[in-house]
Structure formats: C-alpha cells, structure tokens
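S.K.: no FASTA, just this:
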C-alpha cells in the first residue's frame, strides 16, 4: 500500500471537489487535500517568478504533495529543483530521498537521507531509511524461481483491495480514470468489482452494485465460511472508517451492520482466520506502536468477541502496519516501518496463539522500491497489489501460491552457499553507475549468544560495535550514535581511532575492504553528529588482531566482526 491507499482506506473525504472552498496551497496541504494543493501551488509558483526563495519553498511543497499522491517521479523533480535553489529543510531532503527510494534510485536516496540527518540529527526514521537503502543495495536481484505477472484486469486507474470471498469470487476496488475526483488523492472515488480466477488470470470483472453508495468507499472484505458472514471496511460521509459485517447471500445481501467502529479512530482491513475464531484488523487506535498497527480480537462464544489486542513489537513499528491476511498460522501484512526496499513492503510472520515469531521481508520480486501490499491467496494462486508500474498507479499481480515457500532458502540451498564473506556491500558514498552489483550471500543464523557488552579479550576500545555476517551496517542494538558521540565529547582534546575488523572467513583482500567499510560507515555517523573528522583516524584491519583468536564457532566469529573506538592520543 502507499499513502493514497492509506487515504482511501482511512480518511477519505466524501465531499465532492466542486464543493471545496478556495484556499492556499499550504492550507490544502495541511488538510491533506494534496490534489487541490498541487493546483494551488502551481498558481502561486507563477506569481513568485522573481522571488527565488519563495519559489524554492513552493516547489518543495509541490514535491511533497506529489509524493503523498504517490507520484514519486514528479515529487523528486520538484524537490530537486527546490533543494538546488537553496531550500535546505529536513522534510524536503527526507521526502526527496523517499521519492528516489520508490524509484529504486538508492544511491541518491542515501545521499538525501544523510543530508536530512545533517540538517536534523534526530529526524524520525532517517536511520531506518538509510538501513533500508543499504538492504536494497545488498539484495538487488529477485528470486529467479518466482514469477509475478500483471493481471489483465488492470487499467490506467488504480486496482487494489483484493478480497477472496465465497464460491471462488474475488472482490477488488477500482479508482477509474473518469468520474468525481477525491480532492485528497486526485483519483476518482472507488467502486467494488467482482471476478474469479480463470486459469492463470482473473476473469472479466463486473461491478458489485450492492455496495455502490455515492461517495462511500467500501473495500477489503473477509469471508467467514463457517458463519456465512462477510466482514468489510466502510467509510461514512464524514470520512470515518469502521468494520461492518453482513450475512452472505449472493442474491440477497443483508444490510451491513456495524461490527468494529469508533467515533475517535479508524478500524479497517478485516482478516478472519480460517477457523473463524480470530479477526485481525488495522487501526490508528491509541496505545499502539505507530501510525497504524495490526490488532486482533478473539471469538469468546458464539457471536461474542473479546477486547482488541495489539500484535506487539514483533509486528508493529512506529510506521504503518496494514492489510493483514492470514493463511494457517502465517500472517502476511504490509509495513513501511520494518527494513525493506522502499514504501510499503510485504512481510510474513508465524503466529501461534499470542506468540509472534520469525517476522521477515518476503524479498524480491514480491517487494520493490514502490508500495507492495494486500497479499492474499485463493486455492493455488496468490495475488498482491503494487504501484511498481508508476504510470498505472496500483495494479494487481498474480503468482503461484507455492512461490511463497520459496522466500526462505532450503537447507540444501544453505549448504551450497559459500560459508565465507564473498563480497561486501559497496559503500554508499562511492557507488557509481558502473559499480558491479554486490554478490548476495546467504547469512548464517545469528548466534544465540551475541555479545551485548564490549568484549574484554583482545579489545582495547572504550566503545565496541558489532556487525552481522557480511554487513557494514551495525546490528540494531549498537546504533546509539548520539550516546557514543556524547561519550567521545567527554574527551575534548583526544584523537580517536575508528578501527574496523572482520572475522577470518574469506580472503585477505575481501576482509580488508569489508573492515574499511565498517570503520568508514561508523565514522560517517559520528561526523554527521558533530565529531570533527580531523579528530578521527579511520582504519580497517581485516581479520588481523582478532578478539577471539582461532575462532571456530559462530558465537566466536561474531565477536570478531566489530568496530572499536579508542583513544590513541590526548593533547594538552
């Protein structure tokens, strides 16, 4: 999903564009009416031709409006113009980076995110965006054994909200290229269509007239075969969205009745478990982890349900978690808060009772730099929605359901991979168009006994930072750069060495390069936060001077993959 889908699913205004009062671009922008904001900013830009600083500000807002309309190419063009004219706000840099990331221009996106941090060292999620770019650079190729194809039902409008229902029917929503325009997104209001799988693709869709109410947006259905009940998202005339239910009868639908609704927040994207006893959904309810979280309710007895339960930090982040879908004990969901390729990515997790395990990114080709979301399965097919084809907005893609089992290497494949650090990620600052793509290797599982304090044997750094196999970005628990800088500033007259190390697996040249990149990456984070480069000596030592000589176990190798920050000289 992308921001447009977030708007359609959560906050759709149902007032026709013709009824909107005239306002300034910034007024429309603050009200999240981005389509109207673009028109207003374009007029304001013509009036500001001779004022460069004012032009730059308007162009920045134009770019940000286009980004929230999910038009990253237009967004990046206007934001670059703005930045080139001197508009140096953190928001502009960050959204410029996000726009480039959606276009899979990860090198320039990294530069934009780093500029964002230079402008505002505490900018929310900037470190996550940087980590995601590095992740994407390190995983450039899709799984060659998985094939996705675009459905023939796609148009130049937007198709999303795939929902398998009863008797093989599949519902989806469409914002066509003609009709009344939603002032927030610039798209038409949505209509529900019904189709079926016909061989390798969807059959010709028909409008589902039962749900066609003026300016209402209905979508994301979930069918409970046991209770013959259909759950759905419906937004009221004020833009408030909740979950409704209706008894399923193809020829005579029961009137939808409220099931999970609130006057204060939204509850959307219902997903019933196969046994009908748990319903997952997404909500911006209070006491969550981020913008939107995934929650669930359990059936207590008959038609009685318990209180909503948040899925916790194993699933939810400070970002958006939406579009849950459950298949057995596997929960699929979309998120922009976990490390991924850009925009929303599709993740899966194993859920047993109240426990969540093994959350991970599905990888390419399921995910891309654009928004990828709304994964569902039906019989032997899988479907998802992606905005990777920028010219067509959201499209439906189809794949073999069995391909979902190919996202994790088999034991045989793991053994066939080299157990050496065969090629490091290329340092973002030096990537060029001619730089060869990094080799993707299968990492060994992280050991159960990862060191959490500086290792004493053979280390003399007052700060020690650890790394995963074949990575130059530190493990998450060691990215407390602000705290490290605070410790270093306690020695104002000191010169520090930033010393990088690799474990002994791999050749001398490879490990020398990898250790250099680890040291340089950490140093760059410190410099960005105010440590003068002149006070740093940055050096990689390859696999020399190991913390654990003659390492043989993964836990011992782990202690050798490190950066040490140490005082080497103090002036008077």
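M.R.: Alright, I've got the coordinates. Bear in mind the structure is a predicted one, so any value in this text is a computation, not a measurement.
S.K.: How about the helix or strand harbouring residue 359, which residues are buried there?
M.R.: Following DSSP states H and E, one finds residue 359 within strand 355-361. Neighbour counts using 16 or more other CB atoms under 10 Å place 356, 359, 361 of strand 355-361 among the buried residues. Just so you know, the C-beta spots here come from the backbone N, C-alpha and C atoms, and that holds for glycine as well.
S.K.: and the second one, what pLDDT?
M.R.: Same thing as residue 359. For residue 359, the pLDDT comes out at 89.
S.K.: surely it meets residue 337?
M.R.: No. The pair residue 359 / residue 337 is not scored as a contact, 11.3 Å apart, by CB atoms under 8 Å.
S.K.: picking up where we left off before, partner strands of the strand holding residue 359 and their direction?
M.R.: Looking at strand 355-361 with DSSP bridges, its partner strands are strand 345-352 (antiparallel).
S.K.: Just the pLDDT at the residue nearest the centre of the chain, thanks.
M.R.: Note on the chain: the residue nearest the mean C-alpha position is residue 336, at 2.4 Å, using CA atoms, centre = their mean. Listed pLDDT for residue 336 reads 96.
S.K.: and it, what does it touch?
M.R.: 319, 320, 343, 344, 345 (CB atoms under 8 Å, 6 or more residues apart in numbering).
S.K.: same thing with residue 229?
M.R.: Residues counted as contacts of residue 229 (CB under 8 Å, 6+ apart) are 223, 245, 246, 247, 248.
S.K.: filter those to the buried ones?
M.R.: Buried subset of the contacts of residue 229 (neighbour count, 16+ other CB under 10 Å): 223, 245, 246, 248.
S.K.: Could you measure from the first one over to residue 199?
M.R.: Yep, that's residue 223 we're talking about. Distance of residue 223 to residue 199, given as CB to CB, to the nearest Å: 22 Å.
S.K.: And the pLDDT for residue 429?
M.R.: At residue 429, pLDDT is 32.
S.K.: all strands for the stretch 301-450 of the chain, in order.
M.R.: Taking DSSP state E, counting those that start in this stretch as the criterion, the stretch 301-450 of the chain carries its strands at 304-305, 309-310, 321-327, 330-335, 345-352, 355-361, 372-378, 381-386, 395-400.
S.K.: what about the fifth one, average pLDDT?
M.R.: pLDDT averaged over strand 345-352 equals 95, rounded to a whole number.
S.K.: The second one now?
M.R.: In this model, strand 309-310 has an average pLDDT of 96.
S.K.: For that strand, name the packing helices and strands.
M.R.: Contacts defined by 3 or more CB pairs under 8 Å, 6 or more residues apart in numbering; DSSP states H and E place strand 309-310 against strand 293-301.
S.K.: Tell me what angle the strand it packs on forms with strand 321-327.
M.R.: In terms of direction (axes from the mean of the first three to the mean of the last three CA atoms, to 10 degrees), strand 293-301 departs from strand 321-327 by 40 degrees.
S.K.: Relative to strand 293-301, what are the paired strands and their orientations?
M.R.: Sheet pairing of strand 293-301 (DSSP bridges) gives strand 278-283 (antiparallel), strand 304-305 (antiparallel), strand 309-310 (antiparallel).
S.K.: Run through the chain and note the low-pLDDT ranges.
M.R.: Residue ranges of the chain with pLDDT under 70: 1-21, 176-189, 211-217, 237-238, 391-392, 408-456, 458-460, 571-572.
S.K.: quick one: the helices in it?
M.R.: Assigned by DSSP state H, the helices in the chain fall at 3-10, 25-30, 34-47, 52-68, 72-84, 90-102, 106-119, 126-138, 411-416, 481-488, 508-528, 554-560.
S.K.: The third one to helix 52-68, inter-axis angle?
M.R.: It stands for helix 34-47. Counting by the same axes, to 10 degrees, helix 34-47 lies at 160 degrees to helix 52-68.
S.K.: What residues of helix 34-47 count as buried?
M.R.: Buried residues in helix 34-47, counted by 16+ other CB under 10 Å: 34, 35, 36, 37, 38, 40, 41, 44, 45.
S.K.: what about that helix, distance to the chain center?
M.R.: How far helix 34-47 lies from its chain's middle: 29 Å, per CA atoms, centre = their mean, to the nearest Å.
S.K.: helices and strands around that helix, which ones?
M.R.: With contacts taken as 3+ CB pairs under 8 Å, 6+ apart, helix 34-47 sits against helix 25-30, helix 52-68.
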